[in-house]
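Q: Okay, structure incoming, though there's no sequence with it:
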């Protein structure tokens with residue numbers, strides 16, 4: 001898949017800006033740039049140097065530029081790389097790129113620079129995917145997870161396990177060469193201990209996907225409750241702006257309203273919904289139906305109730321209707337500024353439900369609610385050295401690895417011949433290798449890198 005072509009693309013976002021950066025990579029990147037650059041002879045300059053000069057098309061000056069040189073293998077792609085910093089005019093950028101293509105460069109495909117970095121050994125496949133996650137990260141937590149993966153935290157953990165498995169696979173393969181002599185080179189007890197150890201690590205990684213995925217995508221957080229409970233007021237209080245219409249008229253919110261709130265580096269996708277009740281008209285009925293759909297898809301549910309005007313029975317009925325096993329649930333008593341009735345003493349919540357009293361209108365305990373949202377969704381699960389899976393492809397490969405390891409464990413508990421053990425270990429190694437790229441196919445690489453932006 002590696003070609004000798006020199007590729008070129010704009011690496012900064014398209015549109016008018018102060019500066020545009022045009023990137024070339026390939027054997028002839030420096031020579032092609034040198035053919036249109038008026039200044040120092042780039043072919044004689046050292047790596048990691050910057051040079052001022054002109055880009056000219058014949059006698060016509062296109063722009064004054066800075067040219068950065070990265071001589072192979074000391075570059076992102078491990079090839080010769082040139083970055084041309086020019087003025088951010090779309091016209092100038094297109095003129096320079098067109099000129100470079102006429103001089104022998106080819107337009108880069110999406111993700112082709114990072115693909116070359118992978119194919120040339122600069123990154124493994126999980127690190128390459130982390131580059132895309134890093135570019136799209138829109139919160140501190142997503143950035144932290146992507147950086148950990150880019151630095152090889154995930155790969156290192158998997159490679160250690162894979163090397164240990166390879167050792168046993170080679171011992172078992174050796175047994176097959178001496179099958180007529182009935183010898184064992186691979187200690188079965190040690191292999192069993194290793195399989196148990198690897199299985200524990202893989203189970204932990206698979207479980208981490210639940211948190212890793214919501215960090216990457218944001219945490220869907222539905223605010224649900226009856227009409228006039230104060231859901232829209234709460235949304236406005238959390239956002240500290242008047243985003244939703246607030247009215248004394250029941251059923252004001254007919255459609256869902258979605259906004260992003262960052263708490264402690266985590267993005268919460270707040271969803272204000274129509275009040276849950278028997279609808280009085282067809283439009284409100286659609287709103288209530290949408291509310292129930294959103295609740296079924298949420299990662300975190302905030303049930304807001306009017307502590308003044310609702311009975312304990314009504315509150316318990318709502319909770320019984322909305323509370324789903326496995327979905328974090330916050331019960332929030334609103335309008336605490338109007339009354340601290342004994343009704344709260346009557347409420348008995350299940351142990352897996354968190355509770356807090358607030359006044360959305362008076363902005364009381366809103367910061368405490370934000371902290372509770374964070375603690376419920378993340379808690380202390382996020383740390384600098386905690387390896388986290390955020391990619392569905394990685395999870396699927398880990399699950400297949402787990403299945404293969406279970407077959408190895410079963411083969412050790414109910415002794416089977418060495419060839420069957422070797423086959424199951426090879427399967428586990430294959431799926432682990434798919435994650436980091438020791439095992440790849442052209443279709444897999446095309447699917448991964450086609451999702452990258454052009455220029456990266």
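A: Yep, that arrived. This structure is a prediction, so every number in the text was calculated from the model and none was measured. Residues are numbered from 1 along each chain as shown.
Q: end to end, how far does stretch 40-54 reach?
A: For stretch 40-54, the separation between the terminal residues is 10 Å (CA to CA, to the nearest Å).
Q: Walking through the stretch 101-250 of the chain, point out its strands one by one.
A: Ranges of strands within the stretch 101-250 of the chain are 106-107, 219-224, based on DSSP state E, counting those that start in this stretch.
Q: any chance of those strands in TSV, plus mean neighbour count?
A: (C-beta placed from N, C-alpha, C; glycine too.) Supplementary listing: the strands of the stretch 101-250 of the chain in TSV, determined by neighbours: other CB atoms under 10 Å:
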stretch	mean neighbour count
strand 106-107	14
strand 219-224	24
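Q: which of those strands has the lowest average pLDDT?
A: Confidence, taken as mean pLDDT, is least for strand 219-224 of these (a mean of 87).
Q: quick one: contacts of that strand?
A: For strand 219-224, contacts defined as CB atoms under 8 Å, 6 or more residues apart in numbering pick out 214, 231, 234-235, 266-273, 276, 291, 294-295, 297-304, 322, 373, 377.
Q: Direction included, what does that strand pair against?
A: Paired strands of strand 219-224, with direction, are strand 266-272 (parallel), strand 300-306 (parallel) (DSSP bridges).
Q: Quick one: mean pLDDT over the first one.
A: Throughout strand 266-272, pLDDT has a mean value of 86.
Q: okay if I get the strands of the stretch 101-250 of the chain as JSON lines plus distance to residue 396?
A: Shown next, in JSON lines, are the strands of the stretch 101-250 of the chain (distance: least, CB to CB, whole Å):
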{"stretch": "strand 106-107", "distance to residue 396": "33"}
{"stretch": "strand 219-224", "distance to residue 396": "22"}
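Q: and residue 80, which of those strands is closest to it?
A: Counting by CB to CB, residue 80 lies closest to strand 106-107 out of the strands of the stretch 101-250 of the chain; the figure is 14.7 Å.
Q: The closest one packs against which elements?
A: Helices and strands touching strand 106-107, by 3 or more CB pairs under 8 Å, 6 or more residues apart in numbering; DSSP states H and E, are strand 7-10.
Q: Output the strands paired with strand 219-224 as CSV; include the columns distance to residue 30 and mean neighbour count.
A: Listed next are the strands paired with strand 219-224 as CSV, based on distance: least, CB to CB, whole Å; neighbours: other CB atoms under 10 Å:
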stretch, distance to residue 30, mean neighbour count
strand 266-272, 42, 23
strand 300-306, 52, 23
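Q: Out of the ones you listed, flag the one nearest residue 356.
A: Taking the strands paired with strand 219-224 one by one with CB to CB, strand 300-306 is closest: 9.8 Å.
Q: quick one, phi/psi of residue 55?
A: When read as degrees, to the nearest 10, the backbone of residue 55 gives phi -100, psi 120.
Q: Would you mind finding the longest strand in the chain?
A: Of all the segments of type strand in the chain, defined by DSSP state E, the longest one is strand 60-70.
Q: What strands line up against that strand, and which way round?
A: strand 49-57 (antiparallel), strand 81-88 (antiparallel).
Q: for those strands, which one sits closest to residue 106?
A: With CB to CB, the closest approach to residue 106 among the strands paired with strand 60-70 belongs to strand 81-88: 14.5 Å.
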